[in-house]
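> Dropping the sequence and predicted coords here.
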Amino acid sequence: MADAEQNRSEAATPHKLKKAREQGQVAKSRDLSLSVVLIATMLYASSQAWSVWRTVFGFARALMVEAGSGALDPALLEALVGRMIHVCLVAATPFLVVVVIAAVIGNVLQVGPLFAPATLEPKFERLNPVEGFKRLFTIQSIYQALRLLVKLAFLGIAVFFAIKSLLPQFYSLGGLGAVRQAKILLDDLSSLGLKIGAVFMLLAMFDWLLARRRFAKRMRMSRREVKDEVKQREGDPRIRARLRELRRDVLKRSLAVSRTRHADVVITNPVHLAVALRYVEGEMQAPQMVAKGRGLMAAVMRSIAARHGIPIVPNAPLARALYRETEPGRHIPPAMYPTVAKIIVWVFARRRSSPVRGAAATAGTAQGSRR
């Protein structure tokens with residue numbers, strides 16, 4: 001049994017994946033998010049870095065000029081500080097916005113919109129140095145170290161070839177001015193960053209596929225776990241089958257109770273049980289039970305009988321015997337013929353003695369025969 005439970009051969013159910021997602025457990029690669037941020041940053045740098053640096057350099061030169069004049073008063077110093085804060089905000093805010101948007105996009109592309117408050121709960125076991133020391137010598141940590149070495153190797157190769165392609169430009173920088181040199185260096189750094197980002201993106205996508213595979217393997221379930229989950233969510237199949245059976249029985253009994261209006265007589269216990277009998281002379285060999293009920297159903301049957309003028313005969317032994325041994329739609333057992341016959345004869349004699357009631361009962365019986 002233990003081996004069967006450990007054999008996780010079934011894919012995770014949507015319910016388990018949903019619960020894991022609520023706990024913040026999803027297939028995700030941090031490298032993919034970092035690669036998106038890196039590429040977005042390099043694209044921003046290639047288009048805006050030079051104008052930002054010119055603004056910063058212009059402010060730095062103006063600050064040096066003011067500092068060399070020796071005429072700094074408190075009002076001027078306050079203005080320079082305000083100007084410096086403004087320049088820094090103008091230069092840094094777009095860059096920070098790009099980084100934040102890229103980070104959000106990198107995460108949404110992997111796991112979609114996700115808010116898991118459970119991940120914000122403090123877990124003090126992570127601060128335990130003993131547990132942290134143990135994690136340093138696990139197979140998972142060794143695997144992570146090897147994976148990091150492989151990434152560094154690929155990135156190192158990418159950096160080598162990228163710098164090699166830029167070497168011819170470095171020899172021509174000596175004949176250029178400082179401003180031109182700075183612009184070329186910024187463009188080269190942006191190009192180098194984009195090439196590194198492209199390689200990093202390829203490695204990150206491969207890492208994301210591995211992360212999805214590891215997550216799916218970690219979420220796998222045994223057949224026993226799948227069955228237990230079905231029982232927890234939908235209930236035990238045996239209980240559900242029993243409930244369906246009970247519902248069908250209640251429906252059948254309620255329909256049978258509604259047929260009480262077609263009966264010729266209702267025999268009661270006199271309170272707890274009620275049995276409705278019907279007999280058509282010349283068509284039936286024996287009286288037929290059309291309905292039976294206990295408790296509330298018996299009360300409903302008595303109410304229907306009173307409303308339709310059907311005689312109600314209290315006879316506890318007979319009512320119990322009929323309720324126990326006969327089902328609706330079947331004829332009564334032969335052993336009960338004598339007792340039931342006396343009641344039927346009395347009912348028919350009573351009906352003939354009352355013309356109005358007898359005509360209504362005859363019409364009801366004829367309608368019931370047609371149905």
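Right, received. Where do you want to start? Residues are numbered from 1 along each chain as shown.
> Does anything pack onto the helix or strand encompassing Gly82? Which helices or strands?
Remark: Gly82 resides in helix 74-111, with elements defined by DSSP states H and E. In terms of contacts (3 or more Cβ pairs under 8 Å, 6 or more residues apart in numbering; DSSP states H and E), helix 74-111 is packed against helix 30-69. For the C-beta atoms, the positions are set from N, CA and C on the backbone; glycine is no exception.
> rewinding a little: for the helix holding Gly82, list every residue counted as buried.
Across helix 74-111, burial judged by 16 or more other Cβ atoms under 10 Å covers 80, 87, 91, 98, 102, 106-107, 110.
> Same check on stretch 291-308?
291-293, 297-298, 300-302, 304-305.
> Now do the end-to-end distance for stretch 250-268.
Across stretch 250-268, the terminal residues are separated by 20 Å (Cα to Cα, to the nearest Å).
> How about that stretch, which residues are buried there?
Those would be 253, 256-257, 259-268, for stretch 250-268 by 16+ other Cβ under 10 Å.
> pLDDT wise, what is Glu5 at?
On the pLDDT scale, Glu5 is placed at 46.
> mind listing which of the buried residues of stretch 291-308 are in helices?
Judged by DSSP state H, helices contain the following of those: 297-298, 300-302, 304-305.
> For these, work out which two are farthest apart.
The largest separation in those, counting by Cβ to Cβ, is between Met297 and Ala305 at 12.5 Å.
> What's the per-residue pLDDT of Lys342 here?
Note on Lys342: pLDDT of 90.
> And the buried residues of helix 74-111, which is closest to Gly329?
Looking across the buried residues of helix 74-111 and measuring by Cβ to Cβ, the closest to Gly329 is Gln110, at 64.1 Å.
> Isn't that closest one up against Asp31?
No. With contact defined as Cβ atoms under 8 Å, Gln110 does not reach Asp31; the gap is 10.7 Å.
> Overlap in contacts, those two.
Trp208 (Cβ atoms under 8 Å, 6 or more residues apart in numbering).
> So for Glu325, what's the nearest residue that isn't a sequence neighbour?
Once flanking residues are discounted, Glu325 sits nearest to Pro333: 5.7 Å by Cβ to Cβ, 6 or more residues apart in numbering.
> What score does that neighbour have for pLDDT?
Listed pLDDT for Pro333 reads 90.
> which phi and psi does it have?
Torsion angles at Pro333 (phi, psi; degrees, to the nearest 10) stand at phi -60, psi 150.
> how close does Ile101 get to His308?
Distance, Ile101 to His308, by Cβ to Cβ, to the nearest Å: 78 Å.
> Which residue ranges of the protein form strands?
265-268, 273-278, 288-294, 312-314 (DSSP state E).
> which one of those has the lowest average pLDDT?
strand 288-294 (a mean of 88).
> what's that strand packed up against?
So strand 288-294, by 3+ Cβ pairs under 8 Å, 6+ apart, packs with helix 237-258, strand 273-278, helix 296-307, helix 316-325.
> try 7 Å
Helices and strands touching strand 288-294, by 3 or more Cβ pairs under 7 Å, 6 or more residues apart in numbering; DSSP states H and E, are helix 237-258, strand 273-278, helix 296-307.
> Now do the residue nearest to Glu325 against Gln48, distance only.
Pro333 is 99 Å from Gln48, by Cβ to Cβ.
> Contacts for stretch 18-38, please.
99, 102-103, 105-107, 110-111, 114, 116, 118-119, 193, 197, 200-201, 203-205, 207-208, 211-212, 215, 219 (Cβ atoms under 7 Å, 6 or more residues apart in numbering).
> quick one: least confident helix or strand in this structure?
Within the chain, no helix or strand scores below helix 355-370, which has a mean of 40 by mean pLDDT, DSSP states H and E.
> circling back: can you redo the buried residues of helix 74-111 as a markdown table, where the extra columns are distance to Lys151 and pLDDT?
Below are those laid out as a markdown table (distance: Cβ to Cβ, whole Å; pLDDT from 0 to 100):
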| residue | distance to Lys151 | pLDDT |
| --- | --- | --- |
| Leu80 | 45 | 72 |
| Val87 | 37 | 79 |
| Ala91 | 31 | 80 |
| Val98 | 24 | 89 |
| Ala102 | 20 | 89 |
| Gly106 | 17 | 85 |
| Asn107 | 20 | 85 |
| Gln110 | 18 | 83 |
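> Which single one of the residues you listed is nearest to Val275?
Out of these, the member with the shortest distance to Val275 (by Cβ to Cβ) is Gln110, at 69.6 Å.
> how about the closest one, what does it touch?
Contacts of Gln110 by Cβ under 7 Å, 6+ apart are 28-29, 32, 208.
> Phe206 and Val199: what is the separation?
On the measure of Cβ to Cβ, Phe206 and Val199 end up 11 Å apart.
> Identify the residues contacting the residue nearest to Ile196 when sequence neighbours are not counted.
Take Ile196 and drop its neighbours on the chain: the residue closest to it by Cβ to Cβ, 6+ apart is Ala158, 5.7 Å away. By Cβ under 7 Å, 6+ apart, the residues touching Ala158 are 195-196, 199.
> In helices, which of those appear?
Secondary structure assignment by DSSP H places 195-196, 199 of the contacts of Ala158 in helices.
> is it possible to export those residues to TSV including distance to Gln144?
Listed next are the ones in helices among the contacts of Ala158 as TSV, based on distance: Cβ to Cβ, whole Å:
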residue	distance to Gln144
Lys195	25
Ile196	21
Val199	20
